[in-house]
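Enquirer: Provide a 3D model corresponding to the input given below.
(2 chains)
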Amino acid sequence: MQSESLAASVFEGRLHPLTIAFSLLKAARGIIPAMSLLFFGNKVYGFMLLMAVVASTVATALARYFSFTYRVVGNELITQHGILERKQRSIPLERIQEIRVEQGVLHRVFDVVDAKIETGGGGGAEASLSVLSRSEVEKLRRAIFERAAKIRSDTGLTNQTAEKQVVATPEPIVIRRLGLKDLILMGLTTNHLISALALAGALWNFAQEHVPESFRLRAGNLLYRESERLFTQDTALTIALMVLSALAVIGVFSTVVAIIRFYGFTLSLASEDLRRRYGLFTRRASSLPRRRIQVLKIEEKLFRRLFGLVTLRVDTSGSHREHKDDNTGRDVLLPIARRGDVDPLLTIFFPDFDAGRIEGAEWRRVSRLAIRRGAIKGAIVCALAAAFLFGAYQQLFALWPLALLPLVYFISAANYRNLRYTLSDRYFCARHGWAERSTHIVPINKVQAVEIHQSPFDRRLGLATLRVDTAGQAYTGGGPRIKNLPIDEAREIAGALAHRASETRYIEDRRSRIENG
Amino acid sequence: MTEEEIKPFERADEPQHQATDFRRLDSRVVNLWRVSWLIGFGVLLLSLLIPVVSVGVAEPRALAWLASAWLATTAAAVWLCLWYPPRLYRSWGYRIDAKVLETRSGRLFQRARLLPLSRLQHVDIERGPLERMFGLAALVLHTAGTHSANIRIPGLEAAEAMRLRDHLIEIGGDDAV
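Expert: Numbers count the residues shown, from 1 in each chain, chains lettered A, B, ... in the order given. Purely as a prediction, here's the structure:
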């Protein structure tokens, strides 16, 4: 029965006619510089060249639109394009991790989107469908994920209830919506120092180009004189004012960035898919099946930790960073949440989470020797700094880094108190860091390998570093690493983790395995 | 929470995995490493000889110094190539039970790696010309992981490597990404 329904094509589609317009527009952006060059150079040849470029662009755009088809056949998504040389690509449905949707301002006017199909292969989107109408993407998404779920259930990999859920496809349940207040809070607690400096640099460049020199000089002089006068009058006040204004600029800038990027952020759950939708100008949407989460990271950066705020990041096996400073917001699952909300959220991301509460969790600690080691490392740094300064200034005052030693000890002790881990039947959790804290949660069926490292120092103290390897690392930094574990404990955990991982299936929903025996 | 309260992470239904002893690599790997390292260092040192000679010719006073430095480096490299492999060989071990493959290696910096066999993506056998000469093969186990995406067991006897590969594919590998 399955074989014939599998062979039939479930879904077929073409790109939206506006594809032509959008391709032309994209190409035009590249041509405009060439066009401006044209009017400075030889007009006749330049014009002919331009015409040739335009003609070929139009031809490519038309060819792309008319030849591009995609369809869901059997257990594959097949895209096909090209006129002379037909290129076909088949993507097995069960490998599709995520369908990402991007919508620029112009796209929004016409209600069309760019859709990108992500698989576990890494190296970016497997297929890019640009542009599609929004309803079309929704249909495609449903076709792909329902099909994939059906195939899984047909091959006996999922339990019956899961199948029913998928077939019914209930309306998405909103898990979290971020309002303006959240975004402002988020912006104010972001450490956007570097971006702010970049902005200042850009403003400076702009001023140099577009503001008359005389005015610039006068403004500069005025600013310099006034600040000098203030500085000599009241040094403390001036410094405070400068710091405050810098902070204000950074805060406003970060808030604007946060609002532009994440405006209207909504995280919702539609059967098995976690969906995100956000953006002020460019709207972005993505969905990822929650069982694809390889590792989840609860990040508490310095400022946010003070306010009890966290950021949640996840990696799927396909996730990879397109640029180093990716500003599409893909790197976070939930850009901001209250610490107290993490526990209820986790039960949504991991329905079978069994490691207890995260908030205020008293997990296992590592060896107390960690404090000593941290303090010794810090003390060496302090001593070197003191020696260097003393060598340079030859004054007793130059030994001030030694005064930091109590602080170093305090930090080591605080780090030790926060270095914890726990292993439940289905999850491995680890936490580290005091001022900036991060907690990693790895489903044991996503553990790919476990490593134990011992440096000569480790061996002398009978300690080791444990590292859990997972399939994704672009946004969370990969699986956790725990230092300063007693070696016997490290061996025991590594053995238990590896054996439990081997017993579980990687792809299948873990609960069904238990229920089916 | 004090350390005394800590209980081991054990599940009642979890069978205690038998701790089988680590198996060693084939002892011929010592000579394989010696030869291949000597070749590697040899190429490096010979290419270093070019600047040594050309500087020495241009500046004859420096020649003696340069030549003795080169000779000392060469002697140290040769000694290392002969002295270290047996020690590395003794540090290497691997063991396989029904579910997990574990390797350990390294002398100064020791490392143990545990691979759940059901996570095995694919298994390669690598045999370079030197390895073929010694009748050895390396087994490379690939996972979908990012940090240690592959685990290499060098210096297995060729037939043993094949047998191991077939065995590993048989028990693991239906559950990859």
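
Enquirer: alpha carbons only for contacts and neighbour counts from here, please
Expert: OK.

Enquirer: mind listing the helices for chain B?
Expert: Assigned by DSSP state H, chain B shows helices spanning B:29-58, B:60-91, B:129-134, B:158-171.

Enquirer: which stretch among those comes nearest chain A?
Expert: Set against chain A and scored by C-alpha to the nearest C-alpha, those come closest in helix B:158-171, at 10.4 Å.

Enquirer: any residue of that closest one up close to chain A?
Expert: No - Helix B:158-171 stays clear of chain A (C-alpha under 8 Å from any C-alpha of the partner chain), getting no nearer than 10.4 Å.

Enquirer: Just the mean pLDDT for that helix, thanks.
Expert: For helix B:158-171, mean pLDDT rounds to 88.

Enquirer: picking that back up, would a markdown table of the helices of chain B with distance to residue B:105 be doable?
Expert: Rendered in a markdown table, the data for the helices of chain B read as follows (distance: least, C-alpha to C-alpha, whole Å):
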| stretch | distance to residue B:105 |
| --- | --- |
| helix B:29-58 | 14 |
| helix B:60-91 | 5 |
| helix B:129-134 | 20 |
| helix B:158-171 | 18 |
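
Enquirer: could I get these as JSON lines with mean neighbour count?
Expert: Output for the helices of chain B, formatted as JSON lines (neighbours: other C-alpha atoms under 10 Å in any protein chain shown):
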{"stretch": "helix B:29-58", "mean neighbour count": "15"}
{"stretch": "helix B:60-91", "mean neighbour count": "15"}
{"stretch": "helix B:129-134", "mean neighbour count": "14"}
{"stretch": "helix B:158-171", "mean neighbour count": "15"}
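
Enquirer: Compare those helices and report which one is nearest to residue A:350.
Expert: Set against residue A:350 and scored by C-alpha to C-alpha, the helices of chain B come closest in helix B:158-171, at 28.4 Å.

Enquirer: Report all helices and strands that the closest one contacts.
Expert: Where contact means 3 or more C-alpha pairs under 8 Å, 6 or more residues apart in numbering or on different chains; DSSP states H and E, helix B:158-171 is packed against strand B:122-126, strand B:136-142.

Enquirer: hmm, who's touching that helix?
Expert: With contact meaning C-alpha atoms under 8 Å, 6 or more residues apart in numbering or on different chains, helix B:158-171 is reached by B:98-99, B:117-118, B:120, B:122-125, B:135-139.

Enquirer: at 7 Å instead, please
Expert: Contacts with helix B:158-171, where a contact means C-alpha atoms under 7 Å, 6 or more residues apart in numbering or on different chains, come from B:123, B:135-137, B:139.

Enquirer: For the closest residue in space to residue A:265 that isn't next to it in sequence, name its beta-bridge partners.
Expert: Once flanking residues are discounted, residue A:265 sits nearest to residue A:278: 4.3 Å by C-alpha to C-alpha, 6 or more residues apart in numbering or on different chains. Beta bridges link residue A:278 to residue A:284, judged by DSSP bridges.

Enquirer: separation between the residue nearest in space to the middle of chain B and residue A:308?
Expert: In chain B, the residue lying closest to the centroid (C-alpha atoms, centre = their mean) is residue B:154, at 5.4 Å. Residue B:154 sits at a distance of 50 Å from residue A:308 (criterion: C-alpha to C-alpha, to the nearest Å).

Enquirer: and the gap between the residue nearest to the centre of chain B and residue A:356?
Expert: Counting by C-alpha to C-alpha, the gap from residue B:154 to residue A:356 is 42 Å.

Enquirer: got a markdown table for the contacts of helix B:158-171, with pLDDT, neighbour count and distance to residue A:137 too?
Expert: Shown next, in a markdown table, are those (pLDDT from 0 to 100; neighbours: other C-alpha atoms under 10 Å in any protein chain shown; distance: C-alpha to C-alpha, whole Å):
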| residue | pLDDT | neighbour count | distance to residue A:137 |
| --- | --- | --- | --- |
| B:123 | 87 | 20 | 38 |
| B:135 | 92 | 18 | 57 |
| B:136 | 93 | 25 | 54 |
| B:137 | 92 | 25 | 50 |
| B:139 | 92 | 22 | 45 |
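
Enquirer: Tell me which two of those sit farthest apart.
Expert: It's B:123 and B:135 that sit farthest apart of those, by C-alpha to C-alpha, at 19.1 Å.

Enquirer: residues near residue A:395, how many?
Expert: 10 (other C-alpha atoms under 10 Å in any protein chain shown).

Enquirer: tell me the secondary structure for the closest residue to residue A:413 other than its chain neighbours?
Expert: Nearest in space to residue A:413, with sequence neighbours left out and distances taken as C-alpha to C-alpha, 6+ apart, is residue A:371 at 5.2 Å. Here residue A:371 is helix, with the state taken from DSSP: H, G, I helix; E, B strand; the rest coil.

Enquirer: Show me where chain B dips below the pLDDT cut-off.
Expert: For chain B, applying pLDDT under 70 flags the ranges B:1-20, B:172-177.

Enquirer: Pop the domain breakdown of it in here.
Expert: Domain assignment of chain B by automatic domain parsing yields the ranges B:29-88, B:93-177.

Enquirer: Do you know the pLDDT at the residue nearest to residue A:413?
Expert: Here the pLDDT value assigned to residue A:371 is 94.

Enquirer: right, and it touches residue A:412 too?
Expert: Yes - assessed by C-alpha atoms under 7 Å, residue A:371 is found in contact with residue A:412 at 5.0 Å.

Enquirer: Buried residues in stretch A:48-67, which are they?
Expert: Buried residues in stretch A:48-67, defined by neighbour count with 16 or more other C-alpha atoms under 10 Å in any protein chain shown: A:50, A:54, A:57-58, A:60-67.

Enquirer: which SS class is residue A:297?
Expert: Quick answer, by three-state DSSP: residue A:297 is strand.

Enquirer: can you tell me which residues contact it?
Expert: A:312-314, A:438-441, A:476.

Enquirer: Restricted to strands, list these.
Expert: Counting by DSSP state E, these place A:312-314, A:438-441 in strands.

Enquirer: from the residues you listed, which are also near chain B?
Expert: The subset of the ones in strands among the contacts of residue A:297 within reach of chain B, counting by C-alpha under 7 Å from any C-alpha of the partner chain, is empty.

Enquirer: Take the residues you listed and lay them out in JSON lines including neighbour count, pLDDT and distance to residue A:243.
Expert: Converted to JSON lines, these look like this (neighbours: other C-alpha atoms under 10 Å in any protein chain shown; pLDDT from 0 to 100; distance: C-alpha to C-alpha, whole Å):
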{"residue": "A:312", "neighbour count": "23", "pLDDT": "94", "distance to residue A:243": "31"}
{"residue": "A:313", "neighbour count": "22", "pLDDT": "92", "distance to residue A:243": "32"}
{"residue": "A:314", "neighbour count": "27", "pLDDT": "90", "distance to residue A:243": "35"}
{"residue": "A:438", "neighbour count": "22", "pLDDT": "93", "distance to residue A:243": "29"}
{"residue": "A:439", "neighbour count": "22", "pLDDT": "94", "distance to residue A:243": "33"}
{"residue": "A:440", "neighbour count": "24", "pLDDT": "95", "distance to residue A:243": "35"}
{"residue": "A:441", "neighbour count": "27", "pLDDT": "95", "distance to residue A:243": "38"}
